[in-house]
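**Q** Everything below, folded, please.
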Amino acid sequence: MAFLMHPRQDFSHHVLVPELLAQGYAVWTQGTRTVGNDLTLLHEQALLDMAAGHVFLRSAGFPSVVLIGHSGGAALAAFYLQQAALPPSARLHCAPSGKPVPLTEAEMPVADGFLMMAPHPGQGALLLRLIDPSVTDEQDPRSASPALDPYLPANGFATPPESSTYSADFITAYRSAQYERVARIDERARELAEKSATARRRYATSKDPEDRRSALATGVLTVYRTDADLRSVDLSLDHNDRPYGSLFGRRPDLTNYGVLGFGRLTTPDSWLSTWSAISSNADLARCLPDVKVPTLLVELTGDQACFPADAKRFHDLSGASDATHVRVPGRHFGAPLHEGMTSGATLAGAEMGRWLGERFPVGTLAVR
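**A** Next up, the predicted model:
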């Protein structure tokens with residue numbers, strides 16, 4: 001059985017489903033409790049949802065289950081495989097904010113294999129490269145420090161779609177400032193989460209509705225300007241076949257200021273669990289060394305989220321003795337690299353089918 005799941009998105013109509021079905025493999029798609037609205041997404045809770053799917057598939061009689069992680073689904077799957085392989089008592093018992101999550105009590109069957117297509121480094125690690133460090137006021141979506149503004153010509157930005165050129169000094173300062181902005185948001189998130197936890201502990205003994213209200217009133221973090229990866233507009237950085245622009249559109253210098261964006265609205269608990277590169281446990285690079293099952297990584301050569309250096313790093317970090325890395329032409333979501341070419345999803349599906357056929361003959365595998 002092939003198992004497809006993403007922490008935020010609905011994968012019921014995923015592009016790999018028909019590709020794998022056509023090759024004779026059963027496919028299971030599943031959502032988390034926060035599909036379509038990641039305001040309260042905790043990756044630790046999402047592991048419980050994934051565990052429930054594994055238990056169901058095993059009880060249904062599928063002898064082999066292989067996890068498929070596309071995009072952010074890869075970090076979630078690797079996080080699951082890391083935790084599932086541990087003795088229950090050694091698993092995490094809370095989210096990064098301290099909110100209890102009963103992984104130590106959950107039945108978490110380990111999958112038999114792990115496939116990745118266009119795996120980005122995890123929601124938090126991805127956002128670390130996307131977040132605009134020039135923001136000077138978290139309450140003002142237009143505030144900007146000119147010295148760090150990635151979309152100022154003085155800093156190397158060129159009129160789209162001409163590729164920009166950033167100096168090594170600017171890149172170093174920019175990435176350092178990105179980390180510093182995430183750290184500042186972390187500090188605020190931990191402050192709010194602790195206030196909520198303190199009220200929750202009071203309510204456990206007081207049963208005072210005021211304490212319960214304080215525990216629930218964590219507030220919501222608004223994180224502006226999260227479409228500012230320098231690689232989106234400077235195509236010389238970690239060069240591949242990607243087009244100019246980001247996952248959000250062809251003009252990051254405009255979409256960076258839009259209402260939509262990764263991590264835009266989130267609770268303090270969710271920020272720390274999902275969108276913080278500093279605090280999140282769902283980090284592909286951190287989890288992969290603990291993933292021992294046979295692993296295939298399919299890199300799409302026109303990807304705008306999993307870059308060549310990322311793919312190589314993930315392959316090198318894999319803890320599996322059977323780890324394979326292949327590259328096929330295509331875009332992040334499985335579209336063809338150029339009009340008239342075979343889609344990336346079809347090419348990736350063919351690679352997955354060959355890999356699966358060598359290890360899990362058709363009729364024995366359930367893909368989730």
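**Q** now the helix or strand hosting Arg188: how far from the chain's centre is it?
**A** Per DSSP states H and E: Arg188 is located in helix 168-206. Put simply, helix 168-206 sits 19 Å off its chain's centre (CA atoms, centre = their mean, to the nearest Å).
**Q** tell me which residues of that helix are tucked away?
**A** The neighbour-count check on helix 168-206 (16 or more other CB atoms under 10 Å) flags 170, 174, 177-178, 181-182, 185-186, 189-190, 192-193, 195-197, 199-200, 202-203 as buried. (Glycine included, C-beta is placed from N, CA and C.)
**Q** Put the alpha carbons of stretch 23-42 into CSV.
**A** What follows is stretch 23-42, C-alpha atoms only, in CSV (Å, rounded to 0.1, in the frame of the first residue of the first chain):
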residue,chain,number,x,y,z
GLN,A,23,1.1,0.3,-12.3
GLY,A,24,-1.1,-1.9,-10.1
TYR,A,25,-0.3,-0.5,-6.7
ALA,A,26,-3.0,0.3,-4.1
VAL,A,27,-3.0,3.9,-2.9
TRP,A,28,-4.2,5.4,0.4
THR,A,29,-4.5,9.2,0.8
GLN,A,30,-5.2,10.8,4.1
GLY,A,31,-5.5,14.2,5.6
THR,A,32,-4.6,15.5,9.1
ARG,A,33,-7.1,17.1,11.4
THR,A,34,-6.0,20.5,10.1
VAL,A,35,-6.3,20.1,6.3
GLY,A,36,-7.0,23.4,4.6
ASN,A,37,-6.4,25.4,7.7
ASP,A,38,-3.1,25.2,9.5
LEU,A,39,-3.9,27.8,12.1
THR,A,40,-3.6,25.2,14.9
LEU,A,41,-1.4,22.6,13.1
LEU,A,42,0.9,20.7,15.4
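**Q** For that stretch, buried residues please.
**A** For stretch 23-42, a neighbour-count test (16+ other CB under 10 Å) marks 23, 25-32, 34-35, 38, 40-42 as buried.
**Q** ditto for stretch 305-317
**A** Buried-residue list, stretch 305-317, by 16+ other CB under 10 Å: Ala305, Cys306, Phe307, Asp310, Ala311, Phe314, His315, Leu317.
**Q** would the fifth one count as being in a strand?
**A** No - going by DSSP: H, G, I helix; E, B strand; the rest coil, the assignment for Ala311 is helix, not a strand.
**Q** and the residue lying closest to it once chain neighbours are set aside, what are its bridge partners?
**A** Closest residue in space to Ala311, ignoring its immediate chain neighbours: Glu299 at 4.0 Å, by CB to CB, 6 or more residues apart in numbering. Per DSSP bridges, the residues bridged to Glu299 are Arg327.
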